[in-house]
Every structure is written in structure tokens, then in C-alpha cells.
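Enquirer: Sequence first, predicted coordinates after that:
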Amino acid sequence: MMAAALLCALEGIAQKKDPKPDSVHTVPKADTAKPAPALKPYDKLITSKMTTRKGMLTVHQLDDNFYLEIPDSLLGREMLMVSRIAKAPINGLAGGREGGYYAGDQIDERVIVFEKGPSNKVLMRGISYQVRSTDSSENGMYRSVRNSSVQPILAAFPVKAYNEKNPATVIDVTDIISSDNGIFALAANDKTRFKVGMLQRDRSYVQAIKTFSQNTEIKTVKTYASVLDPSGDALTFELNNSLVLLPAIPMKPRYADARVGFFGTGYVDFDAESQGVAQTTMITRWRLEPRPADMEKYKRGELVEPQKPIVIYIDPATPKKWVPYLIQGVNDWQAAFEKAGFKNAIMAKEAPSNDSAWSLEDASHSAIVYKPSDIPNASGPHVHDPRTGEILETHINWYHNVMSLVHNWYMIQTAAIDPKARKMEFDDELMGQLIRFVSSHEVGHTLGLMHNFGSSSTVPVDSLRNKKWVEAHGHTPSIMDYARFNYVAQPEDGITEKGIFPRIGDYDKWAIEWGYKLFPDLKDKKEEKAFMNKWVIDSLTTNHRLWYGPQVIFGAFDPRSQNEDLGDDAVKAGGYGIKNLKRIMVQLPEWTKTPNEGYDNLRVMYGTLLTQLGQYTRHVTTIVGGIYINAKTVEEKGDPVVPVAKARQKQAVAFLNEQVFQTPQWLFNKEIAAKLSSVTSDVTKFGIGALGSLLYQTEKIQRNSRTFPAADNYSLPEFFNDVKKCLWNELATGETINTYRRDLQSTYLSYFIDLMKVPADKPVTSTQAEMIALVRMHISALQKEIKTALLLEKDAVSKAHLQFSVERIEDALHPKK
């Protein structure tokens, strides 16, 4: 089958047995002429002295020479080449990359085809699917796209013999796969990242080539000079290139919808039903299909097993006591797939212990790969077919130190309500359950799901304290949210782990149903699009818990789509969270004690507590200048973008004043400060950071006032005055200004002085002019208030601080030439 099989019309393709040729790249038919005289006869080259392994590609080995025998039936067939580090340099340092590179890490992915070339060579081309056209009619774009999309030749292999009995071509791959190139070795960008230099040929070699029914694995040892230390030890990698045969009949794609959070793969469609081109995005998902004999049962709504379930193996290097929890984290998704009509659709298994042919590097195996890393994290990438979005396999990265991360989260967020969280080493059962939830989250990514940062915002805060409700429904409808544990629950609520832990929820099950349920009776893409749109609208209208809020880590515009938050009211939730932090703070010295150790545990957990407090203030800060963003189609009611109400924004500023700007004395815990010298500076740094985040919202407030002029907006002058009252209330009360407050006030002045500077190298825009004018008016008024307060100020340090503030404002308003 020809390489361009991909650019065929994708809807309904699963029913076709002979897809159209690729519109971008067509492969010439295999050359059936007799081999050139210089070539050896097949039986003279491939002798009994060779070791032969049969599979997708037949591998012949003689000493250190490797030959691949490519059947003519595979010439022009798309293969996905996935390149990984099989073994990394000591400690995963790989030339200085922070965090390291470890066994199983993917470094490249590309689609290739083999084709006959001139002069007895086989060419390996790279295939791109960034642009597509299948319309070869007189008015179609097929020829134009093909002429402008010549696919690159990545390598040329010398032909050594032709197998005429079983039509195939034998090529010598030894030199190319053992050399320094960007295909079978580190690419230039990887060398830069790994900080390595030239390949050391005398210490590099082909280790093995294994072949299986649908894939061939090439493993090489590559040694490079170290850029960081050219005179020192070199860096040796074991690399693995997997050649995976892509399906002859591509999976029918499902097209992306902004209201459901799936990863996607896209292309520029020159056949779009418009006067121009369209960017088309397909979601990434596994190919789950009923057995042919079960299709009618499936259509009737009966649960059936898929032809090929999703199997994820557990790395044999995983500590045995954690294996059952990782397995359960995978198997928890079975209930979600039942909503899509499949039973036993996904499962985890321990890797075979007595199968020498089984390998983590084998691209036909999906696995959770356990890595000896100090990175406190985990991740769930996947490899997919760029033609359709079909997920082919996953290597979930599980870093050993993720346990320290979940320990610290759980202790700081729940120790006020869970006695088991009040120590530095959790019981295995508790840690196992924490591992289970992280496992489920990462598996969700491998199923195609993106983070849903908006999910937690659909739950009323009061429900998070309702034992019966929260234990029945969970504190968040999606495990794909960054909503770790129920920090809102108070000790008197009596809520157990069932209402504390995240779980696979309503949104996850619906998203899996939306992405994986098959609709065999829908005729084409247009009909399916209309059906899916109505389904989404009806679902969201019926159940608001299915709302999807896209991932935004920093600088979120929509206060509902934030990480690490809970509930529909950040002010209320944050208030409850801070109550629990105050309970935990006074117990930290006791709970962090470890015999024969110092105070490192206390330092780490105090820092984690400040970070958690910072999360609560960030959630509230984002309300100020915020907008609500709802992806909508024209059939839905309401505007897609609406500003947050002014009253809500003013409430947020008041919360920040109460919890942060007025000196938070509880953070300056005397017992902890006696053991950690950094407490004062850490708290001040936190306060300055919170103030800076609030002032950063200034531009968003101005944007809203200009974008939504008819709305009841929070104006810049009103915002400036509210914050001034928070930061400078001593001007009216005459109180002594303590160190913490002086630092905040100095930060406040620095921000506004910078904000009103006129750019020297480019014209002032109308927006900048408006901002500068309002800031100058505000800061002039502040200067007058400070001068008045100076007349009554008696504390010497406060007086010096205020006098200097007056001078700074004066210099800013009337800079000296």
C-alpha cells in the first residue's frame, strides 16, 4: 500500500479496504528488474553463517554487520519511528540537564517510508502530514499541494541482494545506524540539551536489532565527548529506535471540540468546505472497536469487550510494594470506558519476568516506567499516529521522588483533619493510595485527556464540607484537574479519605464517552459534527459538572480555570484553607521531628505551608480583572466572554487585605522562627509576591474597562484607591509602620513609579497614555496624604520611611534632568 494512504478522506475509512494514495507522497512500485551484476545472489549473501530473526522486517546478522530484509509489500508503508534513551549516563545527568534524562525518555518521533531509489539503493523518506488534500478534480488542490510538499530523503541504504523467491530487498544498515546522524543518533538539538560533542566512533556500536510482528527495534550504543568537560569522561547512551508499522487502514478520526479537553493533532486542510483553508484538529485516542461479531450488540447498547484492549505494563524495576497501587490506578478507568460501551477496555499487568523477548523499549508495549530520579513529578505522554490521532503506545514517566511531593501536599492540605498525615513518613497504605491517584491522573493523559482546570469550580464550597455529599460525589468532578485534596473540610466535619482524595469523576467518564463511543451509523464528518455538537450542548445544559476549563498555569484570565484550587468561591475556600493552615502551623515543630536529625524537615514543610498559602491568595487575586470564558457554538445562548462583576473583584481585594497585607502575625511563629532563621524574610517575600501579583492585574482591569464599556466594571481609579487603603492605612490611623508593612509600601511605590515611566525608544500608545495619566494622578494624591501624616508621625523609623517615600514620588513626578 502506498505512503500517501493517509491523505485519503478519513471519514468512513475504517470500512474501506483500499484507501486512496497519499496526496502528498506517492511511492514508485518496487523495481522488478533483475538485480545489477554487482549484487550478490540472495543465497550467496544470506547464508547459514548468519543469525536470522524474522518479523515485520527480517534481520540478518554476521559478526558486527546487520542487514534488513524489507518485503516489497512494506515498501511505501508508513512506519512510525520512535527514538528513546534505553539507558542514560550515570545519575541521568546527561551532560548537565537539570533533572536528568532517564531510561525510557523519548527523544524523537517521525513517520518514515522505505522506497526503491536509483543505483541500487533503498531510500528512507520522512513523511509530514501538516498539509493535506485529496481533491484531484480539475478545481482541486491535490496537484498543487503535492508539488509544494516534496518529502525529504533522510537516509539512503545500499542494496546488497534481492530475494526473488519471497519478493524483498536486503539492505546493509550497519554504517548508517552506527554513525553520527540525527536519525539513529542524537539530533543536533539533543546534543545541545545534553551538552555533548562529537560521536566517539571507537566507543560506539550497534548492540542489537530485534524484530517482531508489527515493529523492529534497533539498539545502539553511542558515546559522545562531553562539552562541559572535554578532557574528562565521555558520556555513553544506549539508544533505541523503534520502527512501528502504522495501520494499513487508518482509524476513523474524531474531530476536536474546545468544550471537551483532549490532546489533538492537526493539519491544514486544503479541501475544507470554505473559500480558503481550515485548520483541522483530531483528538488523540486509542483505537477501541468491538469484535465484528459484537457490533450489533454494541449498537444496542450492550457492553462488549474491544478487539484490542489497552494494556499498560508495570516496569519490573518498580518497588514491589507500590505495584498493586499503580495497577489499581490504571484499572480505575474501566468504569469510564463502560460509559463508552466497552468492558475490560483497559488494564494494567506486571511485566513478564521470564520472557527474554519482552523489553521496555519495545514500542508495541505500553508501560509505567519507574525512574531513579529526584524529580518530584510524573508525566503521561503518548505516541500517536499523526494521520488520525490514534494512540499507539505510552511510556508513563514515574519518578521515584514523586512520593515526597504527594507527602508534602497531603500533610499541609489535610493534617488538620487526617491524623495519618501528621508525620514525615506515611504508612504504606496511605502512600499507596496517594500513588494510586497520581497513577490515575497520568493514565488519563495517556488516554488523550488534557488537564481540566475548570472542573473544581463547578462544586459549591459548602458541599466540600458536607460529609454525605462529598464522600458520595468527590470534591472535584475530574481527576484531570489539579485539585489535590479537600483542604476546605474542617475538623468538625468528620470527612474521611473518601471525601478527601481525588477520584475519576463525572467529567472524566463523560469525556471518555465523548471521545471513545462509536457511532457507526453516522454517514460522514458533517453529520457527526452536528450530532456531537448537540450532544455536548445537551450534556452541559443538563449537568454543569461536565464543564471544561482549559489548562492555564500562570496568568489565568478566567478565575475558574486555575490549578490547585477547590470550589466555586475562591474567597470562601481560601478562608477555610487558611483556618486549617493556622491549625497545622503550631504543630509543625512536633510533626516534623525525626530522631537524630536537624530541622530540615521543618524547613521544607514550613516552606510548603507558605507555598500553599500562596496558592490560596493567587486563586483570589485572579478574580481581580478576571473574565469568564466559555467556548460556545452559535447554537448556544449567552456571550462567550463576560467580565467578573465589580463587587466580586472588590471582595477579592478585601480578602487579600485581611489575610496578607495586614501583617499576618500567625506566620511569624516564634517557636519555628527560633529554629529557622529565614522565617522573617520568607514571610516578607511571600507578602511582596502576593502584592506584586495583585498589582499585575492592573492591565487586566484596564483591558476590561476598554473592552466592556457598558459593563459595571471595576475602574482603575477605584482599584488604585482600594489597594492604597489596604497598604497605607497607617496614614489615617497614625500607627507605627512595622518592617513588614514598610516593605510592602516600598514595593507598592516601586510598581507605580515604574508604571508611569514614558518609554524612551518608542511612541506612547493611547492605552499607555491613559495608564500613565491615571497613575500620576493617583501617586500625586498619595504624596499629599503622606506629607500630612508626616506632621503627626512620632516613630523615627516610620518617619524616615515616609519622608523617603515623599522624595521618591517627587523624583518620579518631576525627574531631574
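Expert: Nice, thanks for sending it over.

Enquirer: Skipping adjacent residues, who's closest to Arg618 in space?
Expert: Nearest non-adjacent residue to Arg618, counting by C-beta to C-beta, 6 or more residues apart in numbering: Ser693, 6.2 Å away. (Glycine included, C-beta is placed from N, CA and C.)

Enquirer: doesn't the one you found fall inside a strand?
Expert: No - per DSSP: H, G, I helix; E, B strand; the rest coil, Ser693 lies outside any strand segment and is helix.

Enquirer: Tell me how far the residue nearest to Glu564 when sequence neighbours are not counted lies from Trp409.
Expert: With C-beta to C-beta, 6+ apart as the criterion, Glu564 has its nearest non-adjacent residue at 4.6 Å, and that residue is Gln615. Gln615 sits 10 Å away from Trp409, taking C-beta to C-beta, to the nearest Å as the criterion.

Enquirer: got the end-to-end distance for stretch 372-380?
Expert: With C-alpha to C-alpha, to the nearest Å as the measure, stretch 372-380 spans 17 Å from end to end.

Enquirer: Name the residues that touch it?
Expert: With C-beta atoms under 8 Å, 6 or more residues apart in numbering as the test, stretch 372-380 has contacts from 92, 99-100, 102, 394, 396-402, 404-405, 438-439, 441-446.

Enquirer: now stretch 516-525
Expert: Stretch 516-525 has contacts (C-beta under 8 Å, 6+ apart) with 10-12, 255, 285-286, 288-290, 295, 298-299, 337, 339-342, 345, 528, 531.

Enquirer: can you tell me which of these are in strands?
Expert: When the contacts of stretch 516-525 are checked against strands (DSSP state E), the matches are Arg285, Trp286.

Enquirer: Just the buried ones among the contacts of stretch 516-525, please.
Expert: By neighbour count, with 16 or more other C-beta atoms under 10 Å, these hold 10-11, 255, 285-286, 288-290, 298, 337, 339-342, 345, 528 as buried.

Enquirer: Tell me which helix or strand comes right after the helix or strand of the chain with the lowest mean pLDDT.
Expert: Of all helical and strand segments in the chain, the minimum by mean pLDDT, DSSP states H and E falls on helix 142-147, at a mean of 50. Downstream of helix 142-147, the first helix or strand assigned by DSSP states H and E is strand 153-163.

Enquirer: And that next one, how far out from the chain middle?
Expert: Here the centre of strand 153-163 is set off from its chain's centre by 40 Å, with C-alpha atoms, centre = their mean, to the nearest Å.

Enquirer: pretty sure the residue nearest to Glu564 is touching Leu566, no?
Expert: No - judged on C-beta atoms under 8 Å, Gln615 makes no contact with Leu566 at a distance of 10.1 Å.

Enquirer: higher neighbour count, the two?
Expert: A direct count of neighbours by other C-beta atoms under 10 Å for Gln615 and Leu566 places Leu566 higher, at 28 against 19.

Enquirer: does that one sit in a helix, a strand or a coil?
Expert: Leu566 is classified as coil under three-state DSSP.

Enquirer: Which elements pack onto the lengthiest helix in the chain?
Expert: Counting residues, the longest helix in the chain under DSSP state H turns out to be helix 766-790. Applying 3 or more C-beta pairs under 8 Å, 6 or more residues apart in numbering; DSSP states H and E, one finds that helix 766-790 makes contact with helix 698-707, helix 716-727, helix 730-733, helix 739-755, helix 796-813.

Enquirer: Go through that helix and flag the buried ones.
Expert: Going by neighbour count (16+ other C-beta under 10 Å), the buried part of helix 766-790 is Gln768, Met771, Ile772, Leu774, Val775, Arg776, His778, Ile779, Leu782, Gln783, Ile786, Ala789.

Enquirer: can you redo the residues you listed as JSON lines with distance to Asp682 and pLDDT?
Expert: Converted to JSON lines, those look like this (distance: C-beta to C-beta, whole Å; pLDDT from 0 to 100):
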{"residue": "Gln768", "distance to Asp682": "35", "pLDDT": "93"}
{"residue": "Met771", "distance to Asp682": "33", "pLDDT": "95"}
{"residue": "Ile772", "distance to Asp682": "35", "pLDDT": "94"}
{"residue": "Leu774", "distance to Asp682": "34", "pLDDT": "96"}
{"residue": "Val775", "distance to Asp682": "30", "pLDDT": "96"}
{"residue": "Arg776", "distance to Asp682": "35", "pLDDT": "96"}
{"residue": "His778", "distance to Asp682": "31", "pLDDT": "97"}
{"residue": "Ile779", "distance to Asp682": "30", "pLDDT": "96"}
{"residue": "Leu782", "distance to Asp682": "29", "pLDDT": "97"}
{"residue": "Gln783", "distance to Asp682": "32", "pLDDT": "97"}
{"residue": "Ile786", "distance to Asp682": "29", "pLDDT": "97"}
{"residue": "Ala789", "distance to Asp682": "30", "pLDDT": "95"}
